[in-house]
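K.L.:
Predicted model and sequence below, questions to follow.
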Amino acid sequence: MSIYFMKKLSILSALFLLPLLTCCLLAAPTAQAQELWEEDPDAPDATTQQGRWGFNTGIGASLRTSEYKGINSLGSPLPLLGYEGNWLYLRGLSGGVHVFKNRYHEFNVQLSYLPQHFYASWSDSDRMKRLDDRYSSLMAGLNYTLRSRYGLASATLSTDVLGVNNGVMADVSYAYPLRFDNIIIMPSVGAQWTDSNYNDYYYSVSSSESRKSGLKEYSPESAFSPYAGLTLRVALTDSWSVLVNGRALFLGSEVTDSPMVERSTTYAFNAGFLYAF
């Protein structure tokens, strides 16, 4: 498969996911207006917002540092779209179907866009420029979330469905929303596990690449990477709000040992304005 085709596939998969999920969600029944992490599971039903479709939309910006040598940071405008329905949902880069959902438990089948990628031409390193590109993909899997007065615990297991990295990823997290009059602050901690196929695709250096670039040949195994984050949402009016979040990912040793990698921690920051209707 040509490099040109893989680049097009990576871009088209990102463009395809959002419209597909949006079309499906438009056909959904009446939904809750609040997002999952905003709801208080012990609050009476009457306290939830009524008379809305369950959508959040807006515009923002994203900035993240890169672990790859010669690439400092990546930033871009970020369209924001969310939906919480009785059967369907869309949360950022993930969307899916509620197989089971009540006030405390949620079990989903979901599809997620994986933005991980490496374009050799973007690196300032002459050696890195001689490596093969690595592309983003779509991940399909299962998600479970437990909501209680003690916070939100979530677990997700997913696998590549486009045959790009042929990898498996697992993610577990815990978050505790702190609710004030018009502000929600949510600290979170978690960890992600990526299998050897995933890491081999994004961080290995093959024998042919080693000869071309001068980098040491490398083939990683599975990796465990913890992370911590903080989300802030401020309600400006009944419909408008500001959303800011940041996350630090502490990469596992199988990743940081790669000759392609020069940072052991990556940071991501997102901010935007949201309108609920």
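P.N.:
Perfect, I can see it now.
K.L.:
can you tell me which residues contact the residue in the chain sticking out farthest from the centre?
P.N.:
Using CA atoms, centre = their mean, the residue of the chain lying farthest from its centre is R211. It sits 34.4 Å away. Contacts for R211 (CB atoms under 8 Å, 6 or more residues apart in numbering) come out as none. Every C-beta, even on glycine, is put in place using the N, C-alpha and C of the backbone.
K.L.:
and it, which of the three is it?
P.N.:
helix (DSSP: H, G, I helix; E, B strand; the rest coil).
K.L.:
That one and A120: what is the separation?
P.N.:
Distance of R211 to A120, given as CB to CB, to the nearest Å: 15 Å.
K.L.:
again, but for V242
P.N.:
Taken as CB to CB, the span from V242 to A120 is 37 Å.
K.L.:
Tell me which of those two has more neighbours.
P.N.:
Neighbour comparison, V242 and A120: the larger count goes to A120, with 21 against 16 (by other CB atoms under 10 Å).
K.L.:
Pretty sure the more buried one sits against D132.
P.N.:
Yes: using CB atoms under 8 Å, A120 is in contact with D132, at 7.0 Å.
K.L.:
Can you pull out the residues in contact with stretch 114-126?
P.N.:
10, 14, 68-71, 93, 128-139, 160, 202, 260.
K.L.:
Cross these against strands and list the overlap.
P.N.:
Among the contacts of stretch 114-126, the members found in strands (DSSP state E) are S137, L138, M139, D160.
K.L.:
out of those residues, which one sits closest to H98?
P.N.:
M139 (18.3 Å; CB to CB).
K.L.:
What segments of the protein are strands?
P.N.:
Going by DSSP E, the chain shows strands at 55-65, 73-84, 88-91, 94-101, 105-114, 137-148, 151-160, 168-175, 178-179, 183-194, 223-235, 240-250, 265-276.
K.L.:
Tabulate those in a markdown table, adding columns for mean pLDDT and distance to E217.
P.N.:
Listed next are the strands of the chain as a markdown table, based on pLDDT from 0 to 100; distance: least, CB to CB, whole Å:
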| stretch | mean pLDDT | distance to E217 |
| --- | --- | --- |
| strand 55-65 | 90 | 26 |
| strand 73-84 | 82 | 27 |
| strand 88-91 | 92 | 39 |
| strand 94-101 | 96 | 35 |
| strand 105-114 | 97 | 25 |
| strand 137-148 | 97 | 24 |
| strand 151-160 | 98 | 24 |
| strand 168-175 | 98 | 24 |
| strand 178-179 | 95 | 48 |
| strand 183-194 | 98 | 20 |
| strand 223-235 | 97 | 18 |
| strand 240-250 | 96 | 26 |
| strand 265-276 | 94 | 24 |
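K.L.:
Just name the most buried of these.
P.N.:
Of those, the one with the most neighbours on average (mean count of other CB atoms under 10 Å) is strand 88-91, at a mean of 23.
K.L.:
Run me through the strand neighbours of that one, direction for each.
P.N.:
Pairing partners of strand 88-91, with direction, according to DSSP bridges: strand 73-84 (antiparallel), strand 94-101 (antiparallel).
K.L.:
could you give the angle of the longest one to strand 265-276?
P.N.:
I take that to be strand 73-84. 40 degrees (axes from the mean of the first three to the mean of the last three CA atoms, to 10 degrees).
K.L.:
what's the answer for the shortest one, then?
P.N.:
An angle of 70 degrees separates the directions of strand 94-101 and strand 265-276 when computed by the same axes, to 10 degrees.
K.L.:
and the angle for strand 94-101 with strand 151-160?
P.N.:
120 degrees.
K.L.:
Just the CA coordinates for strand 94-101, please, in PDB.
P.N.:
The C-alpha coordinates for strand 94-101 follow below in PDB (Å, rounded to 0.1, in the frame of the first residue of the first chain):
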ATOM      1  CA  SER A  94     -15.500   8.800  20.600                       C
ATOM      2  CA  GLY A  95     -19.000   7.900  19.900                       C
ATOM      3  CA  GLY A  96     -21.100   4.800  20.400                       C
ATOM      4  CA  VAL A  97     -24.200   2.900  21.500                       C
ATOM      5  CA  HIS A  98     -25.400   2.500  25.100                       C
ATOM      6  CA  VAL A  99     -25.900  -1.300  25.500                       C
ATOM      7  CA  PHE A 100     -27.000  -0.600  29.100                       C
ATOM      8  CA  LYS A 101     -27.400   2.600  31.000                       C
END
